[in-house]
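Trainee: this is a predicted model, with the sequence first.
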Amino acid sequence: MTKKARPRALLKRLISWRRGFQIVFGLSLYLAISNWGISLWWVIAAGSALGIFLGKFFCRWMCPMGAIMEMMMGAGDEDGRKRSFYNYFKMGCPIAWAGGFLNRMSLFRVRVADASRCKSCNICDEACYVAQFAPGHSLHLKDLINPSTHFSCSRCLNCVKACPAGALTFQARL
Ligand code: SF4
Ligand code: SF4
């Protein structure tokens, strides 16, 4: 494996563990609020501030309610699930509203890191509920809008995981 391929492989592995992270973080947060007296306002403030760096990351990686909602929406056909995620992540909670608003400016976003690897297979857009339901959005077509800047992108990173060529990444805009 080349030096450049290693971080991409590690990122894909982390994404495949996302639900595990979400359950562990979610349970920890629940315990912190219910047993240790951590104020919900602190959680809302910290989760919203996280949006400056990662956008609406909290919902799909750290939120206990998000984990429950995701399990509830797990049933049904693939298109129905994608539409539910698209609509659900438009409503959200205060952290989701702040994160969704900050998606447009967050330091990290999904992007094509290596255009020479992209085969224009469109698998990323098929995996992304924003690209499926928001007109004019695409992860790989340059003249369309990047779905990870859309309010509904919850940093599921399904697009990065789905790209067979390893062309997509979730990276800081430096
Ligand atoms: S899945 Fe990867 S290779 Fe295919 S169009 Fe998207 S970025 Fe390009
Ligand atoms: S992380 Fe990728 S697949 Fe998930 S909603 Fe955002 S752009 Fe779409």
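Mentor: Yep, it's here. Ligands and ions are numbered 1, 2, ... in the order given.

Trainee: so which bits of stretch 82-96 are buried?
Mentor: Going by neighbour count (16 or more other C-beta atoms under 10 Å), the buried part of stretch 82-96 is 82-86, 88-89, 92, 95-96. Using the backbone N, CA and C atoms, a C-beta is placed for each residue, glycine as well.

Trainee: just the ones in helices from those, please.
Mentor: 82-86, 88-89, 95-96 (DSSP state H).

Trainee: and of these, the nearest to ligand 1?
Mentor: Of all those, ligand 1 sits closest to K82, with 16.1 Å by C-beta to the nearest ligand atom.

Trainee: so the closest one sits against V130, correct?
Mentor: No. Using C-beta atoms under 8 Å, K82 is not in contact with V130; the gap is 9.1 Å.

Trainee: just to revisit the earlier point, so which of the buried residues of stretch 82-96 also contact ligand 2?
Mentor: Taking C-beta under 6 Å from any ligand atom as the test, ligand 2 is in contact with none of the buried residues of stretch 82-96.

Trainee: can I get those in TSV including distance to N35?
Mentor: Putting the buried residues of stretch 82-96 into TSV (distance: C-beta to C-beta, whole Å) gives the following:
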residue	distance to N35
K82	36
R83	37
S84	32
F85	31
Y86	35
Y88	28
F89	29
G92	26
I95	21
A96	25
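
Trainee: gap between the spatially most central residue of the chain and K56?
Mentor: Residue closest to the average C-alpha location in the chain (C-alpha atoms, centre = their mean): R155, at 0.9 Å. Distance, R155 to K56, using C-beta to C-beta, to the nearest Å: 6 Å.

Trainee: next helix or strand past the longest helix seen in the chain?
Mentor: Longest among the helix segments of the chain by residue count, using DSSP H, is helix 18-34. Per DSSP states H and E, helix 18-34 leads on to helix 40-54 as the next helix or strand towards the C-terminus.

Trainee: ok, residues contacting that next one?
Mentor: Residues outside helix 40-54 that contact it (C-beta atoms under 8 Å, 6 or more residues apart in numbering): 29, 32-33, 57-58, 62-63, 94-95, 98-99, 101-103, 105-108, 155.
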